[in-house]
Structures are given as structure tokens and as C-alpha cells.
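Undergrad: Take this sequence and fold it.
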Amino acid sequence: MRNKTKLSALVITATVVMALGANNAYASTPPPPPPTPTIVADWEMNDAPGTTVMTDSGPNHLNGTVSPGNQPGTNGVNATGTYFHWQFRCPACAPVDDTRVIEVPDPLNLTEPVDPAITYALEFMIRTNHSAGNVMQKGHSTTAGGQIKVQNVAGNVQCLFKGASGVRVGTGSSKVAPLNDNLWHDVRCVHTATKVQEYVDGVLVATKNGSTGPITNTANFTIGGKTQCDQVKITCDYYSGDLDGVTISTDAAPVG
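TA: Next up is the predicted model:
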């Protein structure tokens, strides 16, 4: 797993520095730090080559299933020991290839903001030089209970949340240089009761106001594209590139 610029650490540091600079009398009693995020899942993606498991080192042990056919050097998704690599293929061309998709069973809905008042954060490292594909998601656009999706559109990485009521709130990284530059980038999608925010490499790049309401779907969490697709009526939108350090947390400090 690669080192991340942890946004929570930046927030705490910035809060203390501003307090120190604003008022020396106040500096001796700085405000309390934001609450420590509760880790829902932490896929470090440092599994050994040939693994059939994407290990969750968090408290809930939500391990992902990697197809046993994906051995080192084969087409599809391969663990490298430090990150996961998806070899290139057309995102929406036949045939369907479910072996490219890592699935995390989620019967208890642990990976979505059922209570919209709880801040939810999805963070990951991405490296790609391709211009299309669904990076990860929970449910389809028509799934009952809503959807969570991160997609790459011409290097614009978008964070999309859709509530059970059908309200959709999303952001994109279009205000910064395209992220499909084959360099590692840290992306953080934050969902709150009133907005969705996106950070790239620790910098806030987009805010979209709006309330999705609860997201309650019971679909598996997938990384690398969709399942239950046919490349005809429903495209699979396979991802190509590298991913590392996918983390889901709740009660993360709202920022901005």
C-alpha cells in the first residue's frame, strides 16, 4: 500500500495552525480535533500475486473475491504485492468478463451511508492512462435503494451518490488536470447530509450541494467494473489501470 496524504491529518493540522496564528491567548487552548473516523473497510491491496482474496485489514473483515483465473501475467486483474493492476481492455466491448471484477459481499450494508447525517468517506489511490471505466461501485443506476459509483470519464474522476428516493448528487475532478496521466493520485469522495465533496491529492476540487437521503441498496461492492451486465443493454464499463489503498470510513470530519 502506498503512503497517502491523509486528509484527516491535514484538517487537524490546519485547524491548530489557524488557531495559533489568529490569537496567541487562544493558542494555549486550541479547539478539540475532529472526531476520529470509524474504519468500515480498509483494503490495503498488498496481497501476494496469484491471490484469490483482497484482504480487508479493517475491523469488519469484508474481504473481496478475486477470480482464481487471474494469475500473474494473465489478462484481467492481478495483485502485485503492493497494488492491484487491471490490464487494458475495451470497457464496453464484448465479451463479458466477470473475472476482471473484484466483489465484496455486503449483506449488512456496511459500505454505504444509510443514515445521511453520518459523514461517509471513500478514499483510494489511482494510477491510469486510460480514459474510461467504472473504478468502483455499489449497485447499478436502477438498483433499488440507490447507488454509489466512482467513474473515470476522460481522466475526470467522478464521485456519484444516488439515494433510495432517486436523488443523485455527484462531483468530478474536471477543475484540475486530467488524472489519467499515469501518475498516482489520492482521491477522496465525501458524502454528508447536505453535499458531496471530492478531494484530489489532499486538495478540495469540487463540492456539489444536495441531499441524497439514505442509500440502502443490498448490492455487492465491486471494484474494476460492473457485474450483472451484458455489454448490450447494460455495459460493464471495465476499469483499466492500477488501484491501491481503498478505505471506507464514517464520521470523518466534514471539511470546507
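Undergrad: shaky segments in this protein?
TA: Along the chain, the model assigns pLDDT under 70 to residues 2-29, 31-35, 69-75, 107-109, 252-256.
Undergrad: in it, which strand has the most residues?
TA: In the chain, taking DSSP state E as the definition, the longest strand is strand 241-250.
Undergrad: Would you mind listing the buried residues in that strand?
TA: For strand 241-250, burial by neighbour count (16 or more other CB atoms under 10 Å) applies to 241-250. From N, CA and C alone the C-beta is placed, and that goes for glycine too.
Undergrad: Remind me what it packs against, helices and strands.
TA: If contacts are counted by 3 or more CB pairs under 8 Å, 6 or more residues apart in numbering; DSSP states H and E, strand 241-250 sits against strand 38-43, strand 84-86, strand 120-127, strand 132-138.
Undergrad: can I get those strands in a markdown table with distance to residue 174?
TA: Output for these, formatted as a markdown table (distance: least, CB to CB, whole Å):
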| stretch | distance to residue 174 |
| --- | --- |
| strand 38-43 | 27 |
| strand 84-86 | 23 |
| strand 120-127 | 15 |
| strand 132-138 | 15 |
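Undergrad: what sits against residue 83?
TA: Applying CB atoms under 8 Å, 6 or more residues apart in numbering to residue 83 gives the contacts 1-2, 45-46, 125, 127, 242-244.
Undergrad: Beta-bridge partners for the residue lying closest to it once chain neighbours are set aside, please?
TA: Ranked by CB to CB, 6 or more residues apart in numbering and with sequence neighbours excluded, the top spatial neighbour of residue 83 is residue 244, at 3.8 Å. Per DSSP bridges, the residues bridged to residue 244 are residue 125.
Undergrad: Next, the contact list for residue 244, please.
TA: Residues in contact with residue 244 (CB under 8 Å, 6+ apart) are 1-2, 44-45, 82-84, 124-125, 127, 184.
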